[in-house]
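Asker: This is the structure alone, sequence omitted:
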């Protein structure tokens, strides 16, 4: 038997793989489903699925993308199982308000609230780019979109956020077509 | 490049470093860039939510061929018909569990002994210690302070015993792995011997809680028990 697939080494590899990326998994899940309690469930399911499928991860360097892909699928499954729709709502839920209340300052709190209110299509690429450090190409692959579509969503996402928080963009309105 | 194209590129990715010629001449876009970068800093902070400690789910056994499990040691002395009967019983137990009823135990000691076979991957002979980070996740400061001196901790997992999440550790004894369960909320009056096939264990009171220590039947638990009890301080 190959030791790399046997019980103890497998568990060690799993722990090493997961422990470093768990914060990314959790934050990605929260921003996907916009609810910390659901995100916790999604991450638990994702960890189980990752454990069962660990042998399919051939390259540990690709672990982050592999884990985030699992989180993305588990999030979709979670809503599918409960027949809930990922509708965008204007009003913040108590769970979201609790997350916002933990913000270090008012500016961050305002932006957090605006991110919660952002449509899924815009929020996800932004999270992947800013939080996960993904390139446009990587976002396009994960979201199964063209790179042009990703860039458009990123551009619009930032515009919407700045508008929502009334962030002063220096020189806006003074576009010089030179 | 004009202002619109420059600003769009920045909005798509604030790390965009092209358009140097344009911003050298355009004060408005220089200001826009400063503003965009400031916004990006706030955005990054907003996305970085506080993360709770990692809570690992109970992981099912996938492949335990090189695991030294108590169950395997028992299997060697049991007749074949017993394995078949046990399989049937296991199917029944799993079905029962899947219907939502957890197994009931008559005592804490019984549940602890039963828990040993729940995670066979824990019982392995190894000299590879779990990381400090992992150990601190499983034994956080609000549960206990653990002085690892002299103990090689090779497994650390949070497990449910008597409805409470407790640290489940494995250290290496002279006869193989020794299971240690830290139970700060399980108060007992006196030490209790833990009995089971091929095992040798003890449940000892420590402060307002208790600690279970279980090893191979030939393991001398006394020095281990002393070391473990001395190394644990419950938090509040």
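Answerer: All right, it came through fine. A quick note: this is a predicted structure, and the numbers were derived from the prediction, not measured.
Asker: show me the contacts for residue A:73.
Answerer: For residue A:73, the contact set (C-beta atoms under 8 Å, 6 or more residues apart in numbering or on different chains) comprises residue A:49. (C-beta placed from N, C-alpha, C; glycine too.)
Asker: That one should be in a helix, yeah?
Answerer: Yes - with DSSP: H, G, I helix; E, B strand; the rest coil as the criterion, residue A:73 is part of a helix.
Asker: Give me the pLDDT for it.
Answerer: pLDDT recorded at residue A:73 is 91.
Asker: how near is it to chain B?
Answerer: Applying C-beta to the nearest C-beta, to the nearest Å, the value for residue A:73 to chain B is 17 Å.
Asker: Determine the next helix or strand in the C-terminal direction from the lowest-mean-pLDDT helix or strand in chain A.
Answerer: Within chain A, confidence by mean pLDDT, DSSP states H and E is lowest for helix A:63-81 among all helices and strands, at a mean of 88. Remark: after helix A:63-81, the chain's next helix or strand is helix A:94-101, criterion DSSP states H and E.
Asker: what about that following helix, average pLDDT?
Answerer: For helix A:94-101, the per-residue pLDDT averages 91.
Asker: what's around residue 151, how many residues?
Answerer: Let's take chain A. 20 (other C-beta atoms under 10 Å in any protein chain shown).
Asker: think we crossed wires, I meant chain B
Answerer: Neighbour number of residue B:151 under other C-beta under 10 Å is 19.
Asker: In contact with it, which residues?
Answerer: Per C-beta under 8 Å, 6+ apart, neighbours of residue B:151: B:171, B:227-228, B:231.
Asker: Chain A: which of those residues is nearest?
Answerer: Closest to chain A out of these is residue B:171 (14.6 Å), distances taken as C-beta to the nearest C-beta.
Asker: OK, contacts around the closest one?
Answerer: With C-beta under 8 Å, 6+ apart, residue B:171 has these contacts: B:151-154, B:177-178, B:180, B:224, B:228.
Asker: Distance check, the residue nearest to it when sequence neighbours are not counted against chain A.
Answerer: Leaving out its chain neighbours, the residue that sits closest to residue B:171 by C-beta to C-beta, 6 or more residues apart in numbering or on different chains is residue B:151, at 4.6 Å. Relative to chain A, residue B:151 is positioned 18 Å away (C-beta to the nearest C-beta).
Asker: how far away is residue B:151 from residue B:139?
Answerer: 12 Å (C-beta to C-beta, to the nearest Å).
Asker: Repeat that for residue B:192.
Answerer: Taken as C-beta to C-beta, the span from residue B:192 to residue B:139 is 23 Å.
Asker: Those two: who's more crowded?
Answerer: Between residue B:192 and residue B:139, counted using other C-beta under 10 Å, residue B:139 has the larger neighbour count: 22 against 18.
Asker: coming back round to it: return the entry from the contacts of residue B:151 with the maximum number of neighbours.
Answerer: Highest count within the contacts of residue B:151 by other C-beta under 10 Å belongs to residue B:228, 24 neighbours.
Asker: Quick check: that residue is in a helix.
Answerer: Yes - residue state for residue B:228 (three-state DSSP) corresponds to a helix.
Asker: give me phi/psi at residue B:168?
Answerer: phi -110, psi 110 (degrees, to the nearest 10).
Asker: pLDDT score for the closest residue to it other than its chain neighbours?
Answerer: Nearest residue to residue B:168, sequence neighbours excluded (C-beta to C-beta, 6+ apart): residue B:159, at 4.2 Å. If you check residue B:159, the pLDDT there is 82.
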